[in-house]
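Participant: Here is my input, please return the structure:
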Amino acid sequence: MQLGIIGSGNIVRDFLTALPLPGLKLAAIATTKQSAATCQELADQYGISRVYDDYLEMLKDDQVDTVYVATPSSMHYQMCLDSLAAGKNVICEKPFVFTTEEALELKQLADQKGCLITEAITNRYLPAFKSLASDLQLLGPVHMVSLNYTQYSSRYDRFLAGDISPAFNPRLGGGALLDLNVYNIHLAVSLFGAPLDVHYFPNLQKGVDTSGVLVLAYDDKQASLTAAIGLPGLCPQPACHRRPGSSQGLHALRKKQKKQNRKIKN
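Facilitator: Below you'll find the predicted structure:
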């Protein structure tokens with residue numbers, strides 16, 4: 001694999017520390033003119049011979065056969081599209097893209113070009129996951145699944161103060177669902193397949209889901225996927241319901257819980 005990297009942020013630095021890997025050669029790295037100094041620093045440190053300040057120029061490089069897209073989420077779709085159009089295989093950071101339509105378009109183009117495209121999700125390839133997948137049958141029938149990826153983001157206090165980083169900007173792919181719950185989704189779907197129905201119940205703060213619960217419905221099981229990048233919002237609001245009446249049921253449950261809590265306090 002002759003790899004060309006698009007991006008020079010923290011995720012690229014993390015990736016480079018895992019090298020060298022068998023069969024992989026760092027052929028080039030591309031970033032913006034504003035990040036040219038950082039890009040050159042990484043190239044010098046890791047022996048990357050060719051540096052570009054325009055990723056489109058790197059895509060013309062015949063020595064690059066695979067592109068690693070490691071840029072802010074809002075740039076993924078276009079960069080993957082351009083890379084596939086140039087005949088390059090693509091490894092794209094999560095979240096892959098924002099819509100089903102974009103994902104299907106990229107897959108169709110990859111098939112037309114005879115290229116591979118994949119999302120850079122690590123948990124499916126860890127030894128622990130492989131053991132879990134192979135030993136799951138030993139538990140017997142699984143009817144309830146609970147997955148949780150919660151952390152207190154180092155940028156959460158800045159978010160509350162009005163400094164909105166990409167991780168908290170929904171227009172740039174921020175929020176708990178796309179930033180963290182995507183790991184839970186990959187884990188659940190890898191183990192149990194695609195669900196029959198999906199509901200998402202976010203806690204919203206300033207228009208972004210700082211936490212939320214995604215419910216995947218199967219014939220024989222329910223999977224609850226929880227993620228948080230900060231404290232829960234003050235006013236949980238159901239969204240993305242596909243079944244009529246599901247939000248009413250959730251509100252009724254919350255009202256009942258509040259009444260029970262008042263009784264306990266009294």
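Participant: Would you map the strands across the stretch 51-200 of the chain?
Facilitator: Taking DSSP state E, counting those that start in this stretch as the criterion, the stretch 51-200 of the chain carries its strands at 66-69, 89-92, 117-119, 144-150, 197-205.
Participant: counting contacts, what elements does the fourth one pack onto?
Facilitator: Contacting strand 144-150 under the criterion 3 or more CB pairs under 8 Å, 6 or more residues apart in numbering; DSSP states H and E are the following elements: helix 182-192, strand 222-228. Placement of C-beta: from N, CA and C, glycine included.
Participant: highest average neighbour count across these?
Facilitator: Highest mean neighbour count among those (mean count of other CB atoms under 10 Å): strand 222-228, with a mean of 21.
Participant: how about low-confidence regions in the stretch 101-250 of the chain?
Facilitator: Applying pLDDT under 70 to the predicted model, the residue ranges of the stretch 101-250 of the chain that meet it are 231-250.
Participant: Show me the helices in it, by range?
Facilitator: Taking DSSP state H, counting those that start in this stretch as the test, the helices found in the stretch 101-250 of the chain are 127-135, 156-160, 176, 182-192, 246-265.
Participant: returning to that earlier point: who wins for proximity to residue 14 among the strands of the stretch 51-200 of the chain?
Facilitator: Using CB to CB as the measure, strand 66-69 is the one of the strands of the stretch 51-200 of the chain that comes nearest residue 14, at 12.0 Å.
Participant: how long is stretch 116-129 end to end?
Facilitator: For stretch 116-129, the first-to-last residue distance is 23 Å (CA to CA, to the nearest Å).
Participant: Now do it: everything it contacts.
Facilitator: Applying CB atoms under 8 Å, 6 or more residues apart in numbering, the external contacts of stretch 116-129 come out as 68, 70, 80, 84, 89-96, 106-107, 110, 182-183, 186-187, 190.
Participant: So how do I select the buried members of those in PyMOL?
Facilitator: Command for PyMOL, covering only those of the contacts of stretch 116-129 found buried under the criterion 16 or more other CB atoms under 10 Å:
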select buried, resi 68+70+80+84+89+90+91+92+93+94+95+96+106+110+182+183+186+187
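Participant: Using CSV, lay out the helices and strands packed on strand 144-150 together with distance to residue 5.
Facilitator: What follows is the helices and strands packed on strand 144-150, written out as CSV (distance: least, CB to CB, whole Å):
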stretch, distance to residue 5
helix 182-192, 21
strand 222-228, 27
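Participant: and of the ones you listed, who's closest to residue 157?
Facilitator: strand 222-228 (14.7 Å).
Participant: List of residues touching that closest one?
Facilitator: Outside of strand 222-228, the residues that reach it under the criterion CB under 8 Å, 6+ apart are 143-151, 176-177, 179-181, 183-185, 188, 192, 195, 203, 210-217.
Participant: Return the distance of it from the chain's centre.
Facilitator: Centroid separation for strand 222-228 versus its chain: 15 Å, with CA atoms, centre = their mean, to the nearest Å.
Participant: again, but for stretch 112-121
Facilitator: Chain-centre distance of stretch 112-121: 16 Å, with CA atoms, centre = their mean.
Participant: same deal with stretch 22-30?
Facilitator: Distance of stretch 22-30 from the chain centroid (CA atoms, centre = their mean) equals 23 Å.
Participant: Stretch 117-124 too?
Facilitator: Remark: stretch 117-124 is offset 9 Å from the chain centroid, using CA atoms, centre = their mean.
Participant: So which bits of that stretch are buried?
Facilitator: 117, 119, 121.
Participant: do stretch 195-213 as well
Facilitator: When burial is assessed from 16+ other CB under 10 Å, stretch 195-213 yields the following buried residues: 195, 198-205, 208-213.
Participant: same thing with stretch 73-90?
Facilitator: Buried residues in stretch 73-90, counted by 16+ other CB under 10 Å: 73, 75-77, 79-84, 86, 88-90.
Participant: Out of those residues, flag the one nearest to residue 163.
Facilitator: Using CB to CB, the shortest approach to residue 163 within the buried residues of stretch 73-90 belongs to residue 73, at 18.6 Å.
Participant: Please name the nearest non-neighbouring residue to the closest one.
Facilitator: Using CB to CB, 6 or more residues apart in numbering and skipping the chain neighbours, the partner closest in space to residue 73 is residue 173 (2.8 Å).
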